[in-house]
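1. Sequence and predicted structure, then a few things I'm wondering about:
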Amino acid sequence: MIAPKTIAWLSILLLSFCLEGHAQEAPASSPREQPVSKQALSPGNSDSKAAAPPKKRYDPRDLCITEEDAGSELVNKRRQIGGRLIFDTFLLPTGQTVDVGLDEVFSETEYFFGSLDVGTSKPIILDRPLVVARQASDSDPIVKKGLMRKDRTILTVRIPDMLNAPWSQADFYIFTCRDGSPLKVSEANVRVSPSLYSSILAGLSVFAAYLIAAFAFRPTRPERWIAYLNPIPITSGMDGKASLGKLQILMFSLVVFGLITYFLIKTGLLTDISSTVLLLLGIAGVGSTVAKGADLSRTTITPENRAWLLRKRWLPSNVNPTTNDAHWRDLFSTDGEFDVYRYQSFIFSLAVGGALIIGGVTQLSSFEIPQTLLGILGLSQVVYIGGKLVTPTSMADLNNLIGELREVEKKFRSSAIAANNGVLPASLTTAVVPASQAAYDAYMTLATDVATLFTAQTNLPVPPDKLEPTL
């Protein structure tokens, strides 16, 4: 017989077993309940959280290469090789735009980015605005020289100015980008020409060229070294006064020389000169030449008068009768009076010279001067030359007076010979007789006036004993 206590324990175990089996046979959910998705049960999601935004669409103008990516891209060479890069210059100028040829057929759907590795820790990235693509044309120098066909691509690249080592080697890259990453890369080794160093060397070249002219002009050393920097004595005319035409030629010649030297240092090539610059130099050159001819015809002592002055010892044989006494005021004056036409030509020359420096730095071969401004300069030169031809000068008056004095001396000599029975007197004392006194007095009066004007014009004094007539 089983004890009641044992029966109670068996009953508890049987009840527990039945409950456990019922729990295992029950379904995970009722038929009407929907199963919960695995994404909904994830801890990072909740009913209050908004749906994930759609992926941003790629813009082909976005930068597809960064400073961090450029190092690995260029070192590992993972991208396919692009078209050949073609340069029209021996040096890659910085601080300006330069046309680079890409030997690939031009496509409007492709976007390009650039990189310049000058040996620094990070390469310089040339983003989208700095690289503009277009189709080559017959007017491009690269096409003209036969380096590339006109159906290819021209990249106008803006190279930032870098103050690294001057004229150093660099690696230049052009990336063809697609879907936000580089597709192809074109590589070329170039020598970079910094803009600042080129400007400094060009300026020093112009200064040296000017000093050569300044030192060559002066036979003696001036008291102060700053006198070498004065351009007025260098550009003086035949009359010893400052010449506006010669000063214009000097200024324009130095400006054009400086620009040509600047382009030579920056690109390694001689640049062309536009037709308007040639016309500008021609206006100044023709004006100076014609003005010089006018001065020679009006202000130079004739050979006969010069020989007479040498015989009379008024003019030493080793001294130029037109000593250099040039001043800045001579540029704006004619015979001591203010000349508005010369002043007009001077101020417009300064304006054109400034425009030539500013505009010619970018491209001297395409620099244009407005035709109206060239017309003003040309008209000023015509009026300036015309004024020289019609306006008498002190030297011209002196030349005429010396000629009259020579004729008066001949009349005195003829009177002295007639008074001495057709024989030339042996001395001046015997030549001055009552019959020749009037001719002698006329000569001395005119000789005194001519000597005064001669001294004022040449700064050469005439001793009283040299005023007497010569038999």
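-> Arrived safely.

2. List the buried residues in stretch 98-114.
-> Neighbour-count burial for stretch 98-114, counted by 16 or more other CB atoms under 10 Å, picks out 98-102, 104, 110-114. For glycine as for every other residue, the C-beta is placed from the backbone atoms N, C-alpha and C.

3. got the end-to-end distance for that stretch?
-> 13 Å (CA to CA, to the nearest Å).

4. what element comes up after the helix or strand where residue 281 lies heading to the C-terminus?
-> Taking DSSP states H and E as the criterion, residue 281 maps to helix 275-299. Using DSSP H and E, the helix or strand that follows helix 275-299 towards the C-terminus is helix 303-311.

5. Which segments of the protein make up each domain?
-> 67-193, 198-390, 394-466 (automatic domain parsing).

6. got a list of what the nearest residue to residue 184 once chain neighbours are set aside touches?
-> Counting by CB to CB, 6 or more residues apart in numbering, the nearest residue to residue 184 once its immediate chain neighbours are dropped is residue 82, at 3.7 Å. Residues counted as contacts of residue 82 (CB atoms under 8 Å, 6 or more residues apart in numbering) are 102, 104, 174-176, 184-186.

7. Same list (the buried residues of stretch 98-114) but as a markdown table, adding pLDDT.
-> Below are the buried residues of stretch 98-114 laid out as a markdown table (pLDDT from 0 to 100):
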| residue | pLDDT |
| --- | --- |
| 98 | 88 |
| 99 | 90 |
| 100 | 93 |
| 101 | 93 |
| 102 | 93 |
| 104 | 91 |
| 110 | 84 |
| 111 | 83 |
| 112 | 87 |
| 113 | 84 |
| 114 | 85 |
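
8. Just the ones in strands from those residues, please.
-> 98-102, 104, 111-114 (DSSP state E).

9. out of those, who's nearest residue 228?
-> residue 98 (38.5 Å; CB to CB).

10. which secondary structure elements does the strand or helix carrying residue 407 contact?
-> Residue 407 is part of helix 394-419, with elements assigned from DSSP H and E. The contact analysis (3 or more CB pairs under 8 Å, 6 or more residues apart in numbering; DSSP states H and E) places helix 394-419 against helix 275-299, helix 303-311, helix 428-431, helix 437-458.

11. Would you format the ones you listed as a markdown table with mean neighbour count and mean pLDDT included?
-> Compiled in a markdown table, those are given as follows (neighbours: other CB atoms under 10 Å; pLDDT from 0 to 100):
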| stretch | mean neighbour count | mean pLDDT |
| --- | --- | --- |
| helix 275-299 | 18 | 70 |
| helix 303-311 | 14 | 85 |
| helix 428-431 | 14 | 82 |
| helix 437-458 | 17 | 86 |
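
12. out of those, which comes closest to residue 363?
-> Here helix 275-299 is closest among the helices and strands packed on helix 394-419 (CB to CB), at 11.3 Å.

13. Toward the C-terminus, what is the element adjacent to the strand ranked longest in the chain?
-> In the chain, with assignment by DSSP E, the single longest strand is strand 181-193. Next in sequence after strand 181-193, counting helices and strands by DSSP H and E, comes helix 195-217.

14. Contacts for that next one, please.
-> By CB under 8 Å, 6+ apart, helix 195-217 touches 93-96, 161, 163, 166-167, 228-229, 231, 233-234, 250, 254, 257-259, 261-262, 265-266.

15. Narrow those residues to those that are buried.
-> 93-96, 228, 231, 233-234, 250, 254, 258-259, 261-262, 265-266.

16. So what does the nearest residue to residue 333 once chain neighbours are set aside have for phi and psi?
-> Spatial nearest neighbour of residue 333, chain neighbours left out: residue 339 (5.8 Å); criterion: CB to CB, 6+ apart. Backbone torsions for residue 339, taken as degrees, to the nearest 10, come to phi -110, psi 110.

17. Now do the helix or strand hosting residue 261 and helix 195-217, the angle between them.
-> Secondary structure from DSSP H and E places residue 261 in helix 244-267. Angle of helix 244-267 versus helix 195-217, following axes from the mean of the first three to the mean of the last three CA atoms, to 10 degrees, is 140 degrees.
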